[in-house]
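In: What shape does this take:
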Amino acid sequence: MAIITISRQLGSGGIDLGQRLAKRLKYNYVGKEIIDEVAKRVGVSTEGVMGFEKSGSTKLMDFIEKFIDKDFIQRHITESHGYLDEKTYVAVIRDIFEGIYKMDDVIIMGRGGQYILQNRKNTWHVLIVGDMESRVRNIMKRYQYTKEEASREVKLADKNRLRFLNSLSEKKSHEDASSYDIILNMSRISIKKAEDIIVTMVSG
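Out: Presented below is the predicted three-dimensional model:
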């Protein structure tokens, strides 16, 4: 009985691993559902949330944070619909994760679960990484991208992941081992091996 959060680099195989784990452990898998819930609560389309995740501005939110009271932001979330900024997004994500935590037996894919649910009982935090070459190759295969397109997509995803995680934690490196119970390099082990390791960790 546990919550497993999986943080992953694009192209590392984290989504496939998470889905395999959910099936094997008979856990609920929560990935895109988070986007759907954010869209529902804020009153925007799922496409709008996905687009925002790729283009949100940390600099803008740093400016807003200096001049707008946090209570106003919270009221804005509950009273206003159809508007999404980074502050609102992070607050809604935090609230969603608190609800998921109460469910138990859930695998949460991405969106800072290792920080939002850090130090929680029966919660395991996993980081899935890979070298740049293998990640680019995986994206080329999955989406039929050219090498240049895949490389550009991976670099953009890394930049956006850094931006979002910076909004949740002041750690200098989000690959810092102290934030996770285990870090798996998928360039060195098979997805089956990674699956077995995590199952043993959670069930042991």
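
In: just the strands in the protein please.
Out: Read by DSSP state E, the chain holds these strands, from start to end of the chain: 3-8, 28-30, 106-109, 123-129, 182-185.

In: I'd like to know which of these is closest to Ser167.
Out: Shortest separation from Ser167 across the strands of the chain is recorded for strand 3-8, at 14.3 Å, computed as CB to CB. Using the backbone N, CA and C atoms, a C-beta is placed for each residue, glycine as well.

In: which stretches of the chain have low pLDDT?
Out: Within the chain, the stretches with pLDDT under 70 are 54-84.

In: for it, what spans make up the helices?
Out: Listed in chain order, the helices found in the chain under DSSP state H are 14-25, 32-42, 46-55, 58-67, 70-79, 86-101, 113-116, 132-143, 147-166, 191-203.

In: Can you redo these as TSV, where the extra columns are distance to Leu184?
Out: TSV is the format used below for the helices of the chain (distance: least, CB to CB, whole Å):
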stretch	distance to Leu184
helix 14-25	8
helix 32-42	22
helix 46-55	24
helix 58-67	28
helix 70-79	35
helix 86-101	22
helix 113-116	14
helix 132-143	13
helix 147-166	17
helix 191-203	5
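
In: which of these is buried the deepest?
Out: Mean neighbours per residue, mean count of other CB atoms under 10 Å, is largest over those for helix 113-116, with a mean of 23.

In: Packing partners of it?
Out: For helix 113-116, the packing partners by 3 or more CB pairs under 8 Å, 6 or more residues apart in numbering; DSSP states H and E come out as strand 3-8, helix 86-101, strand 123-129.

In: can you rerun that using 10 Å?
Out: The contact analysis (3 or more CB pairs under 10 Å, 6 or more residues apart in numbering; DSSP states H and E) places helix 113-116 against strand 3-8, helix 86-101, strand 106-109, strand 123-129.

In: Contacts for it, please.
Out: In this structure, residues lying in contact with helix 113-116 by CB atoms under 10 Å, 6 or more residues apart in numbering are 3-7, 30, 34, 90, 93-98, 100-101, 106-108, 120, 123-127, 165, 167-169, 171, 174, 179-181.

In: Now mean neighbour count and distance to Lys159 too, for the strands of the chain, in CSV please.
Out: Below are the strands of the chain laid out as CSV (neighbours: other CB atoms under 10 Å; distance: least, CB to CB, whole Å):
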stretch, mean neighbour count, distance to Lys159
strand 3-8, 26, 15
strand 28-30, 19, 24
strand 106-109, 24, 19
strand 123-129, 22, 16
strand 182-185, 17, 21
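
In: picking that back up, and of the helices and strands packed on helix 113-116, who's closest to Ile139?
Out: Closest to Ile139 of the helices and strands packed on helix 113-116, according to CB to CB: strand 3-8, at 12.7 Å.

In: Just give the strands next to that closest one in its sheet, each with its orientation.
Out: According to DSSP bridges, the neighbouring strands of strand 3-8, each with its direction, are strand 106-109 (parallel), strand 123-129 (parallel).
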